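Trainee: Compute the structure for the input listed below.
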Amino acid sequence: MAKSTSFYALLAAASTVLAALPSNKIRGVNLGSLFIVEPWMSSNTWKSMGCGGAKSEWDCVISLGQEKANTAFQKHWDTFITADDFDKMKDYGINTVRIPVGHWFVEETIIVGENWPRGGMQYLDKVAGLAASRNIGVIIDLHAAPGVQVAGNAFTGHLTDDTGFYTSLNYARAYTFLSNMTERIHTNPCYSSTFALEVLNEPEQGHDSLVSTYYPKAYSTIRSVESDLKVPKAQALTVQMMDSTWGAGNPRQNLPGDAVGLAFDNHRYLTYSSTPATKKDYLKTSCSDVFSSPDNNKPLVVGEWSLAVKQEKEWSNEFSPTNENNHAWYTQWWAAQN
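Mentor: Numbering: from 1, shown residues only. You can find the predicted model right below:
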């Protein structure tokens, strides 16, 4: 989802987690609009890249042409988040970053007729290395899947009404991404602090094959590569999936009975919830959130959450961030969610 700010983990109930998953509380940020630019989130950057009124990366590549788009995106990838930014994260107590990535970073997954910027992998290596050199953990997240997994969202890289991900062809392309990234993480020292690979961000609801086919094969793909590489169990990647409360099925349902090294992603946006839009109710809800998991989706990572209130109230006197009287409350609400 678009408004990604920060995340943490609830690990107390974990019993089968491999050592790759941190045992301490995860405090982190999403590196939003680095490798998948969301125009609403980084409008000035988007314009400076020459993307203008393009609605998503796909549209920008068409507008600029492949060569100019490659140049523009590579400059963005190289400069948007720097070593100084990682130093600040470390100073602030950040111990993990979630890195949203499009499948096209593994260029083997691109098919004829698709419009994606090229040459991104070296920049992903660089950013993972910046994190590793500061002992900051990394979650690599397949944020944008082949064929697009949800309609009308720039975070897929292609803002479109068509969702073509849920086919055997596009599942196979996603497995290629996961296989390639698993091998790279275990063989490239830039990824020495990368501990998790999220197999899909925010899938659309109503696709049974996601649970019956995609999740089990995604899990086995990662473990098969690790087996071939003779990766010790203690160094195996944590395989992360959206949890049941997202509404796209129980990801555990068809996994092997001996599946271990799992984590589940929960995205908590009160702006979209039924919580009454008052300071009292927002704070009460955040303080009482228990993130129950009837389907044993544990350990749980809150991969995205936000200080956004309901849109119609955002600039009201009660919530406007330009009103200094509201700053203390926003600080309190942030602390309640963190």
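Trainee: where are the low-confidence patches of the stretch 151-300 of the chain?
Mentor: Along the stretch 151-300 of the chain, the model assigns pLDDT under 70 to residues 290-294.
Trainee: Can you show me the strands along it?
Mentor: All strands of the stretch 151-300 of the chain, identified by DSSP state E, counting those that start in this stretch, fall at 194-198, 238-242, 262-268, 300-305.
Trainee: Turn those strands into a markdown table, including distance to G93.
Mentor: From N, CA and C alone the C-beta is placed, and that goes for glycine too. Formatted as a markdown table, these follow (distance: least, CB to CB, whole Å):
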| stretch | distance to G93 |
| --- | --- |
| strand 194-198 | 18 |
| strand 238-242 | 21 |
| strand 262-268 | 20 |
| strand 300-305 | 17 |
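Trainee: C60 versus N70, what's the distance?
Mentor: N70 is 11 Å from C60, where distance means CB to CB, to the nearest Å.
Trainee: so where do the helices sit in the stretch 1-150 of the chain?
Mentor: Taking DSSP state H, counting those that start in this stretch to define them, one finds helices in the stretch 1-150 of the chain at 43-48, 57-64, 66-79, 83-91, 121-132.
Trainee: quick one, phi psi at N296?
Mentor: phi 60, psi 40 (degrees, to the nearest 10).
Trainee: What count of nearby residues applies to the closest residue to it other than its chain neighbours?
Mentor: Excluding the flanking residues, the one nearest N296 by CB to CB, 6 or more residues apart in numbering is R252, at 6.2 Å. For R252, the number of neighbouring residues by other CB atoms under 10 Å comes to 19.
Trainee: tell me the contacts of R252?
Mentor: Each residue near R252 by CB atoms under 8 Å, 6 or more residues apart in numbering is listed here: A259, L262, D295, N296, N297.
Trainee: May I see the PyMOL selection of the buried members of these?
Mentor: Buried subset of the contacts of R252, written as a PyMOL selection, criterion 16 or more other CB atoms under 10 Å:
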select buried, resi 259+262+297
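Trainee: out of the contacts of R252, what pair is the most spread apart?
Mentor: With CB to CB as the measure, no two of the contacts of R252 lie farther apart than A259 and D295, at 13.6 Å.
Trainee: The helix or strand containing H327 to strand 262-268, inter-axis angle?
Mentor: Following DSSP states H and E, one finds H327 within helix 327-337. Helix 327-337 runs at 150 degrees relative to strand 262-268, counting by axes from the mean of the first three to the mean of the last three CA atoms, to 10 degrees.
Trainee: Quick one: distance of helix 327-337 to the chain centre.
Mentor: In terms of CA atoms, centre = their mean, to the nearest Å, the centre of helix 327-337 is set 24 Å apart from its chain centre.
Trainee: for stretch 200-207, same thing?
Mentor: 13 Å.
Trainee: Over to stretch 310-318?
Mentor: The answer for stretch 310-318 is 27 Å, by CA atoms, centre = their mean.
Trainee: which residues are contacting that stretch?
Mentor: Counting by CB under 8 Å, 6+ apart, T271, A277, T278, K279, A308, F319, S320, T322, N323, N326 sit against stretch 310-318.
Trainee: Could you export it as PDB, CA atoms only?
Mentor: The C-alpha trace of stretch 310-318 is given here as PDB (Å, rounded to 0.1, in the frame of the first residue of the first chain):
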ATOM      1  CA  LYS A 310      -9.200   9.800   7.200                       C
ATOM      2  CA  GLN A 311      -8.700  12.000   4.100                       C
ATOM      3  CA  GLU A 312     -11.600  14.300   4.800                       C
ATOM      4  CA  LYS A 313     -10.200  15.100   8.200                       C
ATOM      5  CA  GLU A 314      -6.600  15.500   7.300                       C
ATOM      6  CA  TRP A 315      -6.500  19.300   7.100                       C
ATOM      7  CA  SER A 316      -9.200  19.900   9.700                       C
ATOM      8  CA  ASN A 317      -8.200  22.000  12.800                       C
ATOM      9  CA  GLU A 318      -8.200  18.800  14.900                       C
END
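Trainee: thinking again about what came up before, between N70 and C60, who's got more neighbours?
Mentor: Higher neighbour count among N70 and C60: C60, with 25 against 17, using other CB under 10 Å.
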